[in-house]
Each structure stands twice: as structure tokens, then as C-alpha cells.
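Visitor: Pasting the sequence and the predicted model now:
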Amino acid sequence: WNDWNEEVQESTKDILYHDKDHESPSACLRHCSSEYGWDLRALAKALDFDIYHSIRMVNWMRREVATNRQAMGDDALMQHLKRPFEGGAKPDFLADDNLLHPYLADD
């Protein structure tokens, strides 16, 4: 019971570089905010995400990065990922249950 409130330490993949691991989801979110200028926690709070919205968003981002990585540089790819959320929009894909399945193996 002593570790009930401790965060589970599971590595997670970077948003733009799927071959790069972060020590935890929290570390990945901090990196995304500091390195890419996108605070995903603030976005999730502003759009009132539940766990399913978060899962769908991560899997959508993973798919979009894999699909567009060769054609776009980092800046263009980040703009592509941010675009559906401009103006506080809650994109339709956040209701797509197909995005509840991990895009990356072991994710």
C-alpha cells in the first residue's frame, strides 16, 4: 500500500521521433512542452478530455507522424498536429473508437 500513489514508471515514445523513448509519460509531456512548444496537459484540460480522448489523441498523433514524417520537417509536422485544435476546437477524430487501439506496437 505504501506505493499506492506513486506514478508507474513506464517508458513512452516521443511525439515526433518514435525511435526515441522517454522514461515516463510525464517526461514525454514535459519534453513536448519544452521542446515543441505544445502543452498537451493544458490542451487536455481546456478541452475537458477524459482518458479515452487522450488515448485517441496520442494514437492519432502517432499515425499522423508515421504517415507524414518523410514529407514534412519537424516544424511543419508540429503545425500539422496542432491545426485540428486551433481556436479551441475539439476535432471529430476524438470520438473515433478505432483510435483506441495503439498505433505503435507495445505502446
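Guide: Perfect, thanks for sending it.
Visitor: ok, the worst-scoring helix or strand of the chain on mean pLDDT: who's next to it in the sheet?
Guide: Lowest on mean pLDDT, DSSP states H and E among the helices and strands of the chain sits strand 12-13, with a mean of 84. Strand 12-13 has its sheet partners listed here by DSSP bridges as strand 21-22 (antiparallel).
Visitor: So for the strand it pairs with, mean pLDDT?
Guide: Averaged across strand 21-22, the pLDDT comes to 88.
Visitor: Please state the offset of the helix or strand just after it from the chain centre?
Guide: Later in the chain than strand 21-22, the nearest helix or strand by DSSP states H and E is helix 25-36. Put simply, helix 25-36 sits 10 Å off its chain's centre (C-alpha atoms, centre = their mean, to the nearest Å).
Visitor: any idea of the pLDDT on residue 14?
Guide: 81.
Visitor: Tell me the spacing between the spatially closest residue to it that is not a sequence neighbour and residue 37.
Guide: Nearest residue to residue 14 in three dimensions, chain neighbours excluded: residue 20, at 4.1 Å (C-beta to C-beta, 6 or more residues apart in numbering). Every C-beta, even on glycine, is put in place using the N, C-alpha and C of the backbone. Using C-beta to C-beta, to the nearest Å, residue 20 is found at 18 Å from residue 37.
Visitor: tally of neighbours for residue 77?
Guide: 19 (other C-beta atoms under 10 Å).
Visitor: Now do the same contact list for it.
Guide: Contact partners of residue 77, counting by C-beta atoms under 8 Å, 6 or more residues apart in numbering, are 16, 64, 65, 68, 69.
Visitor: Point out where the chain drops to low pLDDT.
Guide: The chain contains residues with pLDDT under 70 at 1-9.
Visitor: And the helices in it, which stretches?
Guide: Along the chain, the segments classed as helices by DSSP state H run 25-36, 40-46, 51-68, 74-82.
Visitor: From the rest of the structure, what touches the longest one?
Guide: So the one you mean is helix 51-68. Residues contacting helix 51-68 (C-beta under 8 Å, 6+ apart): 13, 15-16, 18, 40, 44, 47, 49, 77, 80-81, 93-96, 99-104, 107.
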